[in-house]
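# Here is my input, please return the structure:
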Amino acid sequence: MGISIILDDVWKIFISDRVSIEALRGISLEIPHDRNFVSIVGPSGSGKTTLLSLIAGLFRPTRGSIKVGDYILTEMSNSQLLDFRRKHIGFVFQNFLLIPYMNVLDNLTYPASMINSCSGDECTKKAVNILIDLGIGDKASRMPGELSGGEKQRVAIARALMKDPSIILADEPTGELDHKTASNIIKIFKKLSMRGIKVILATHDELIVRESDMIIYLLDGKVRKITYQ
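Residues are numbered from 1 along each chain as shown. The predicted structure is shown next:
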């Protein structure tokens, strides 16, 4: 069973060189607890990444409220938000953000140890099991530069799973992948959602949209339509 996410009249306005940019404009929506594979779609600049970042508690809305499960993010201190992210959020970036001078295993264990998610042999065992589960157990000693795009994305997913997150947020996770590799990555996300992890993907990929049980359409910082399937 997943958790619910509720946004009420959420605005996010960025100020740059005295110019105001309304990235999100009064968004109100609920992602129910039983919708665990969610797509956020829309053209570039529609607010997809901003919406993901707000759900993650990476920054605060200009106004409005955000509730994730029992947490009201807009009423939490910065240290409380940091603790929330550490415990509940796994972020998967389009460009992977792997540490280039560390092998795959260290890319998983080092961040986990830094946030006290695990330590020592416990971290290593957990990382190896996750890599095996994602079909890349034989890549543990490889450097990121030796991996294909699909393998790097699996490592990025594995790194997110090291925290046992309640929610995985992914920004264009298949944007740099070929069709076959993208299909395999989508299957991994789908499998995770069936385990009860809420997976929310900002995407242009129709393959992801077809597999989603909830689709949020954004345009110009507003929700234009929500569909369920």
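
# Got phi/psi on I115?
The phi/psi pair for I115 (degrees, to the nearest 10) reads phi -100, psi 10.

# Help me confirm that A127 is found in a strand?
No - counting by DSSP: H, G, I helix; E, B strand; the rest coil, A127 is not found in a strand; it is helix.

# Count residues in the vicinity of it, would you?
Other residues within reach of A127 by the criterion other CB atoms under 10 Å amount to 24. Using the backbone N, CA and C atoms, a C-beta is placed for each residue, glycine as well.

# Within the helices and strands, which one has the residue nearest the centre of the chain?
Nearest to the geometric centre of the chain sits L169, at 1.3 Å (CA atoms, centre = their mean). For L169, the host element (DSSP states H and E) is strand 167-171.

# Strand 167-171 and the very next helix or strand once past that strand, what's the angle between them?
Proceeding C-terminally, strand 167-171 gives way to helix 179-194 as the next helix or strand, assigned by DSSP H and E. If you take axes from the mean of the first three to the mean of the last three CA atoms, to 10 degrees, helix 179-194 sits at 160 degrees to strand 167-171.

# got the buried residues for helix 179-194?
Buried residues in helix 179-194, counted by 16 or more other CB atoms under 10 Å: T181, A182, S183, I185, I186, I188, F189, K190, L192, S193.

# Model confidence score at the second one, please.
pLDDT recorded at A182 is 90.

# give the contact list for it.
A182 is in contact with T174, D205, L207, counting by CB atoms under 8 Å, 6 or more residues apart in numbering.
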